[in-house]
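> Let me see the structure of the following:
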Amino acid sequence: MPIIKSINGKAPQIPEDCYIAENATIVGDVIMGSTCSVWFNAVIRGDVHFIKMGNKVNFQDGAVIHATYLKSPTTIGNNVSIGHNAIVHGCTIHDNVLIGMGSIVMDDCVVESNSIIAAGAVLTKNTHVESGSVYAGVPAKKVKDISEELISGEIHRIAENYVKYSSWFKD
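Predicted structure coming up:
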């Protein structure tokens, strides 16, 4: 059974159509949209500030989502994929975004729609990713504009695949 826990009177709100892996952890002020999935060893910790997400968000294995106490909540839009072992902390992620495996998005960053954060990238505090950009490196910088091929071939494909994968695990 996943760990789903109330903190300070705030309980996670998880729609029935979401998939939560048996060893995932979701605590506190977390509001999930429909058709989301939280995979093995992922942690969504809304204990110090709220975490809100839209529909069709997937948190892949080992991802950590947190916020900064009374200062920086985490807001995630629709159709967002957060890759294996990524850290998303106290920031805003808009719609149709891919956060690559092992990347870190730090406090007060804003990642606008139709963007990719490459695997292993580190977005330092207050980084603003313009819509339609690919960011990579440490610290992450814009490396190119996103193509329609990447939007449909990566961002949408991965989000759709995780909806399909989660259906395999539902009872």
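
> low pLDDT regions in the chain?
Applying pLDDT under 70 to the chain flags residues 171.

> biggest helix in this structure by residues?
helix 157-169 (DSSP state H).

> Figure out how far that helix is from the centre of its chain.
If you compare the mean C-alpha spot of helix 157-169 with that of the full chain, they lie 15 Å apart, counting by C-alpha atoms, centre = their mean, to the nearest Å.

> Which elements pack onto the lengthiest strand in the chain?
Scanning the chain for the strand with the most residues, using DSSP state E, yields strand 43-53. Strand 43-53 is packed against strand 25-31, strand 64-66, strand 74-76, with contacts defined by 3 or more C-beta pairs under 8 Å, 6 or more residues apart in numbering; DSSP states H and E. C-betas here are computed from N, CA, C, even on glycine.

> Enumerate the positions of it that are buried.
43-49, 51-53 (16 or more other C-beta atoms under 10 Å).

> Find out how far the next helix or strand after that strand is from the centre of the chain, if you would.
Read in the C-terminal direction, the helix or strand following strand 43-53 is strand 58-59, with elements assigned using DSSP states H and E. Remark: strand 58-59 is offset 6 Å from the chain centroid, using C-alpha atoms, centre = their mean.

> what lines up beside strand 58-59 in the sheet?
Neighbouring strands of strand 58-59 in its sheet, by DSSP bridges, are strand 37-38 (parallel), strand 80-82 (parallel).

> now those strands in JSON lines, with mean neighbour count and distance to Ala21?
JSON lines is the format used below for the strands paired with strand 58-59 (neighbours: other C-beta atoms under 10 Å; distance: least, C-beta to C-beta, whole Å):
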{"stretch": "strand 37-38", "mean neighbour count": "28", "distance to Ala21": "6"}
{"stretch": "strand 80-82", "mean neighbour count": "29", "distance to Ala21": "14"}
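
> Of all those strands, which one is nearest Ile117?
Shortest distance between Ile117 and the strands paired with strand 58-59, using C-beta to C-beta, is found for strand 80-82: 9.5 Å.
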